[in-house]
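J.: A structural model of the following input is requested.
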Amino acid sequence: MNGGVNVVALVVFVFFFALVTVLGFVAARWRRAANAHSLDEWGLGGRSFGTWVTWFLLGGDLYTAYTFVAVPAAIYAAGAAGFFAVPYTILVYPLIFTFLPRLWSVSHRHGYVTTSDFVRGRFGSKGLSLAVAVTGILATMPYIALQLVGIQAVLDVMGVGGGENTHWFVKDLPLLIAFGVLAAYTYSSGLRAPALIAFVKDTLIYLVIVVAIIYIPVKLGGFDAVFAKAGAAFEQTNPATGQPRGALAPGEAGQWTYATLALGSALALFMYPHSITATLSSRSREVIRRNTTILPLYSLMLGLLALLGFMAIAAGVQVSNGQLAIPQLFEDMFPDWFAGVAFAAIGIGALVPAAIMSIAAANLFTRNIYRDFIRPDATPHQETRVSKVVSLLVKVGALVFVLGMDKTVAINFQLLGGIWILQTFPALVGGLFTRWFHRWALLAGWAVGMVYGTVAAYGVASPTQKHFGGSAKEIPGIGEIGYIGLTAFVLNVLVTLVATVLFKAAGAPEGVDETRPGDYTADVGDPGVEAELPPAMTEPTR
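T.: Below you'll find the model as predicted:
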């Protein structure tokens with residue numbers, strides 16, 4: 001790293017950061033309805049976004065700064081095993097094509113804001129709804145923290161904040177400022193802010209990737225030279241493990257881990273609250289269907305992005321923290337002004353998902369904890385006010401997490417979050433297609449999956465830590481190493497199936513289903529749709 005501040009890169013970074021800050025506050029007036037004091041307006045953008053706004057919003061939501069930094073960092077550290085993120089984002093889109101339009105339709109018909117709203121309405125169970133809400137909040141918190149880690153990585157490479165011996169306040173002041181700006185415009189503009197900023201974020205990321213995939217290999221002697229140097233580096237023995245550092249292609253021993261991690265991650269991705277929040281902000285069922293066909297363009301970008309890990313090795317990048325590998329590659333290879341553009345892409349790539357995630361977590365708390373258990377008679381205005389405050393508290397919690405704990409802890413908790421959120425799949429996706437599952441059985445399956453996944457992850461050690469050292473472990477009964485989240489999910493489903501049969505045989509009471517078959521295929525303009533929506537959703541937009 002450079003010994004001082006990269007002034008040119010910093011100026012460019014600050015310019016783009018200021019630009020998106022202005023856009024964040026301007027977004028409060030963008031497509032604003034007459035009644036802005038409702039979760040439909042603040043938390044879902046008025047459910048008014050069309051195909052391209054939704055595409056940018058979902059892309060900005062799913063492909064985060066952590067993705068930008070961590071996917072190539074995984075390849076930099078271990079080789080092709082890090083490519084699991086590419087196939088799982090390919091698998092996920094045919095999967096969501098089958099159920100996201102159904103979720104949008106039933107949510108539009110009944111005014112659901114969160115997945116827990118749907119689960120409560122479908123199964124008539126506040127307990128199951130609470131379990132889904134708490135899981136969503138727990139899984140989202142470390143994800144937000146990792147976005148701030150992405151910003152901090154960029155600031156570190158630019159030399160902002162001083163060295164490790166600098167006073168903590170001076171060192172962390174830039175991150176505190178970025179957090180303050182994010183909190184302010186999210187509070188003011190709600191989901192409209194990240195939706196508008198996503199246009200800038202995605203444009204910058206695509207620009208940086210296109211330039212990087214051409215410019216850097218040219219400077220390194222071509223892709224042949226890149227892969228040759230990376231292959232030689234992976235053949236070297238890792239002193240901590242006594243094994244080769246990695247491989248250009250996954251070995252036979254790692255194929256189960258690779259496949260189960262890709263499949264489990266695909267199943268989990270759209271269980272995250274922020275994914276559903278962006279989805280429900282769409283104005284029609286057809287918008288969702290179109291987006292499942294064009295979102296794979298981001299997977300192409302992700303595949304090219306992953307190659308940066310090989311380029312960092314070929315360029316001789318040496319960092320103690322793998323998360324700094326790609327920012328350092330940009331610092332070393334690009335002219336200062338374009339390094340600033342690349343850093344801005346990563347920084348803004350953190351702001352968009354962090355905003356959506358905090359809104360999604362706040363909506364879960366407000367609708368499924370505050371309203372269901374604390375204040376059932378809360379008005380839409382009160383719900384919005386509570387959500388705004390909670391979104392600030394969520395971001396404060398994430399900031400404290402980043403500043404007060406080792407970064408590897410945040411990464412481990414994010415891995416745990418993926419294991420947890422996958423356990424909501426049977427209640428959400430299962431409920432979209434059938435009412436056969438018993439609500440208590442779903443709750444029992446969720447509890448078994450959560451306990452097994454947490455305990456199994458706790459027992460995984462790595463060369464650098466005793467617990468939560470990874471997300472893969474031996475699959476019981478098979479003997480192969482696989483993704484813990486998928487094993488927990490299988491146990492969850494088995495328990496749910498068996499318990500459903502037992503509860504039905506015992507005549508255990510089932511909750512009331514407030515949905516009807518036609519709700520799952522309803523679209524804007526269908527007879528009866530507008531009549532059932534809350535008043536805030538039928539307000540004309542300006």
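
J.: ramachandran angles for residue 483?
T.: phi -70, psi 120 (degrees, to the nearest 10).

J.: partner residues bridging it?
T.: residue 472 (DSSP bridges).

J.: give me the neighbour count for it.
T.: Residue 483: 30 surrounding residues under other CB atoms under 10 Å. (C-beta placed from N, C-alpha, C; glycine too.)

J.: for the protein, which segments count as strands?
T.: For the chain, the strands defined by DSSP state E cover 472-474, 481-483.

J.: from residue 416, how far out is residue 323?
T.: Distance of residue 323 to residue 416, given as CB to CB, to the nearest Å: 18 Å.

J.: those two: which is more packed in?
T.: residue 323 (24 against 21).

J.: okay, the more buried one and residue 149: tell me how far apart.
T.: 7 Å.

J.: low-confidence ranges in this structure?
T.: 1-3, 31-36, 161-171, 239-242, 404-412, 525-542 (pLDDT under 70).

J.: what sits against residue 66?
T.: Residue 66 makes contact with 143, 146-147, 149-150, 350, 414, according to CB atoms under 8 Å, 6 or more residues apart in numbering.

J.: pick out the most distant pair among those residues.
T.: Using CB to CB, the contacts of residue 66 reach their maximum pairwise distance at 350 and 414, which is 13.6 Å.

J.: for those two, indicate the residue with more neighbours.
T.: Using other CB under 10 Å, the more surrounded residue of residue 350 and residue 414 is residue 350, with 27 against 21.

J.: please name the nearest non-neighbouring residue to that one.
T.: residue 65 (3.5 Å; CB to CB, 6 or more residues apart in numbering).

J.: surely the one you found is in contact with residue 353?
T.: Yes. Residue 65 lies in contact with residue 353 (CB atoms under 8 Å); the separation is 7.4 Å.

J.: intersection of neighbour lists for these two?
T.: residue 147.

J.: isn't residue 60 right up against residue 197?
T.: Yes. Counting by CB under 8 Å, residue 60 touches residue 197, with 7.4 Å between them.

J.: give me the common contacts of these two.
T.: Residues touching both residue 60 and residue 197 by CB under 8 Å, 6+ apart: residue 352.

J.: just the closest of the contacts of residue 66 to residue 312, please.
T.: Closest approach to residue 312 among the contacts of residue 66 (CB to CB): residue 150, at 16.0 Å.

J.: residues in contact with the closest one?
T.: If you count contacts by CB under 8 Å, 6+ apart, then residue 150 has 64-66, 68-69, 323, 346-347, 349-350 around it.

J.: how about CSV for the residues you listed, with distance to residue 193 added?
T.: Output for the contacts of residue 150, formatted as CSV (distance: CB to CB, whole Å):
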residue, distance to residue 193
64, 16
65, 16
66, 20
68, 20
69, 23
323, 26
346, 19
347, 15
349, 15
350, 14
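
J.: ok, residue 97 - contacts?
T.: 289, 292-293.

J.: separate out the buried members of these.
T.: Using 16 or more other CB atoms under 10 Å as the burial test, the contacts of residue 97 include 289, 292 as buried.

J.: now, the contacts of residue 97 that are in helices?
T.: Counting by DSSP state H, the part of the contacts of residue 97 found in helices is 289, 292-293.

J.: want to throw these into CSV with distance to residue 302?
T.: Listed next are these as CSV, based on distance: CB to CB, whole Å:
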residue, distance to residue 302
289, 22
292, 16
293, 17
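
J.: which one of the residues you listed sits closest to residue 256?
T.: Looking at the ones in helices among the contacts of residue 97 and their distance to residue 256, the nearest is residue 292, at 28.2 Å (CB to CB).

J.: neighbours of the residue nearest to residue 154 when sequence neighbours are not counted, how many?
T.: Nearest non-adjacent residue to residue 154, counting by CB to CB, 6+ apart: residue 343, 4.6 Å away. Residue 343 has 29 neighbours, counted by other CB under 10 Å.

J.: residue 343 and residue 403, how far apart?
T.: Distance from residue 343 to residue 403, by CB to CB: 20 Å.
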